[in-house]
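Peer 1: My questions are about this predicted structure, shown below with the sequence.
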Number of protein chains: 2
Amino acid sequence: MLQGSKAGAREAMPVAYRIEGVEGLPEIRPGDDLAQLVADAVELEDGDILVVTSKVVSKAEGRIVQADDREAAITAETVRVVATREYEGGITRIVENRQGIIGAAAGVDASNAPHGTVLLLPVDPDASARALATGIRALTGRHVGVILSDTLGRPWREGQTDIAIGAAGVHVFDDLRGSADASGKPLAVTMPCVADQLAGAAELVKGKSSGVPVAVVRGLGRYVGDLDLPGARSILRPAERDLFRVGADEAYTEGYRDGFDESQAEGVADSAG
Amino acid sequence: MLQGSKAGAREAMPVAYRIEGVEGLPEIRPGDDLAQLVADAVELEDGDILVVTSKVVSKAEGRIVQADDREAAITAETVRVVATREYEGGITRIVENRQGIIGAAAGVDASNAPHGTVLLLPVDPDASARALATGIRALTGRHVGVILSDTLGRPWREGQTDIAIGAAGVHVFDDLRGSADASGKPLAVTMPCVADQLAGAAELVKGKSSGVPVAVVRGLGRYVGDLDLPGARSILRPAERDLFRVGADEAYTEGYRDGFDESQAEGVADSAG
């Protein structure tokens, strides 16, 4: 059930929705008022959800550094190295970044950034989403939600999907715990991540090279709510509860060292005895 | 670029699409002709993509076993244990199943199955998708694609998303390798997983308890193609190329044992010398 939603919301599950790319936005520059630009570019309705590529938020917020600092920028954005692998000509670094998100290159991206520069993620994507939602609601009088998306790879599966790195005014989960399936049995799978699914759905119209950084989702107003709902940070699982908190090679190496040392210590104890 | 798509497909990136739940399907039973039932339930158009909850395919294919065999069924469907963790009252088993998919409980599911039974995944989800797409194309004369979806958790992020476990007549990736961003620079992120994003997008109308197991995606015909396109199995990354091929605890334990043994062997060699 959605927190704070009307009774019977589940019964009112929508049968259809629509996603539309917002065309006509200018190239975003540091200092731009993104809420105003979006409000000018599209006629919004109550219940709309805006999915905004985080890169344009980074640009508006001036999160740009010189490109020759890319590797240093990745290191600076990293709070924890999760896994690394060398390949011909480079190294893949899967890290947890300052935003708590695990991915390659800590969200530091050279594509779609001005020549000679790289973009960093917004400092606090949920706060950026909240500012954007607040601004757009004030400008338009419409009850809308905002999701900031980024493109990430994932374990076990090739390719990338867009996921939610920031959210405001949107239920990021559809919490079904305690509810039942169509035949009345408790549901085993209980918490679809609405925000990630919306981010991925929006990618299909925004694309990577189309210059359409914002999409409007229309018809899923049941997921729109108060601005103080938990943001996308609530999607992040703490490392200590994660079965894949570090890469297999990293964990093996740590285990090997501990096992070796333990055996050596035993040997020393035996010799001493 | 999409394999086999017309030149200029990228420029024709759609600005909007629509997802609609297919209502009025009966409860699916073993032996049912799912292609016929879907063709009867919805007026299809060229370029439509059907996202079908894999459970109804399992039901039509009779992939049902008695519920008191659930743990045995999970074991039987498992080809490789990836990670396990005990919790109060049970154990979480993340495994690679016969279909090559990594997830909890090997795709064995008790929800939405007849009382006293559990559902197994289709034996070959891509083949099931192909049979369904072939049947629906023949019955309707429409050039449609089919994705079979399932609901899975993922590392690092709470909640679940629907992903593609089978596909036919659909480009599962939008392969952008070699193409450029809006400013002409090569794209770093190059292969969005269209099929997974479509599966997640469709979950938002199908839901878990709504009894709507099929959705139609309309307006993304650029992703529809030949029936012999690579299926969802092409999304699976081989374990040897995956940085998270086993859980951190499992890798640590293996490393510890190897380190301990290596140290002991050195000790024996030293004593012998």
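Peer 2: Sure, I can see it.
Peer 1: show me what contacts A:Leu132?
Peer 2: Residues in contact with A:Leu132 (Cβ atoms under 8 Å, 6 or more residues apart in numbering or on different chains) are A:Leu34, A:Ala35, A:Val38, A:Leu50, A:Val52, A:Val57, A:Val146, A:Leu148, A:Ala168. The C-beta positions use only the backbone N, C-alpha and C, and glycine is treated the same way.
Peer 1: try 10 Å this time
Peer 2: A:34-35, A:38, A:50, A:52, A:57, A:60, A:144, A:146-148, A:166, A:168-169 (Cβ atoms under 10 Å, 6 or more residues apart in numbering or on different chains).
Peer 1: for A:Val57, same thing?
Peer 2: A:28, A:34, A:63, A:119, A:121-122, A:125, A:128-129, A:131-132, A:146, A:148-149, A:165-166, A:213.
Peer 1: Just the ones in strands from those residues, please.
Peer 2: Members of those lying in strands (criterion: DSSP state E): A:Leu119, A:Val146, A:Leu148, A:Ser149, A:Ile165, A:Gly166.
Peer 1: Run a quick neighbour tally on the third one.
Peer 2: Right, A:Leu148. 30 (other Cβ atoms under 10 Å in any protein chain shown).
Peer 1: Please tell me I have it right and it contacts A:Ala60.
Peer 2: No. Taking contacts as Cβ atoms under 10 Å, A:Leu148 lies outside contact range of A:Ala60: 11.5 Å.
Peer 1: Find residues that contact each of the two.
Peer 2: Common contacts of A:Leu148 and A:Ala60 (Cβ under 10 Å, 6+ apart): A:Val52, A:Pro122, A:Ser128, A:Leu132.
Peer 1: closest to chain B among the residues you listed?
Peer 2: A:Val52 (16.1 Å; Cβ to the nearest Cβ).
Peer 1: residues touching the closest one, list them.
Peer 2: A:22, A:34, A:38, A:60, A:128-129, A:132-133, A:136, A:146-149, A:166, A:199, A:202, A:206, A:213-215.
Peer 1: Please produce a PyMOL select command covering the buried subset of those.
Peer 2: Filtering the contacts of A:Val52 down to the buried ones (16 or more other Cβ atoms under 10 Å in any protein chain shown) takes a single PyMOL command:
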select buried, chain A and resi 22+34+38+60+128+129+132+133+136+146+147+148+149+166+199+202+206+213+214+215
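Peer 1: Filter the contacts of A:Val52 down to just the ones in helices.
Peer 2: A:Leu34, A:Val38, A:Ala60, A:Ser128, A:Ala129, A:Leu132, A:Ala133, A:Ile136, A:Ala199, A:Ala202, A:Lys206 (DSSP state H).
Peer 1: quick one: the fourth one and A:Ala60 touch, right?
Peer 2: Yes. A contact is recorded between A:Ser128 and A:Ala60 when judged using Cβ under 10 Å, the distance being 8.7 Å.
Peer 1: shared neighbours of these two, anything?
Peer 2: A:Leu34, A:Val52, A:Pro122.
Peer 1: Excluding chain neighbours, what is closest to A:Gly219?
Peer 2: A:Tyr17 (3.2 Å; Cβ to Cβ, 6 or more residues apart in numbering or on different chains).
Peer 1: Is the one you found in a helix, a strand, or coil?
Peer 2: Going by DSSP: H, G, I helix; E, B strand; the rest coil, the secondary structure assigned to A:Tyr17 is strand.
Peer 1: Report how many residues lie close to it.
Peer 2: For A:Tyr17, the neighbour count with other Cβ under 10 Å is 23.
Peer 1: measure A:Asp270 to B:Tyr256 for me?
Peer 2: According to Cβ to Cβ, to the nearest Å, A:Asp270 and B:Tyr256 sit 19 Å apart.
Peer 1: show me the contacts for A:Gly267.
Peer 2: B:Ser263, B:Gln264, B:Glu266, B:Gly267, B:Asp270, B:Ser271 are the contacts of A:Gly267 under Cβ under 10 Å, 6+ apart.
Peer 1: most neighbours, which of those?
Peer 2: Within the contacts of A:Gly267, B:Ser263 tops the neighbour count with 20 neighbours, counted by other Cβ under 10 Å.
Peer 1: quick one on the thing from earlier: out of the shared contacts of A:Leu148 and A:Ala60, flag the one nearest to A:Thr75.
Peer 2: Closest approach to A:Thr75 among those (Cβ to Cβ): A:Pro122, at 19.0 Å.
Peer 1: wait, isn't that closest one in contact with A:Ser58?
Peer 2: Yes. Using Cβ under 10 Å, A:Pro122 is in contact with A:Ser58, at 5.8 Å.
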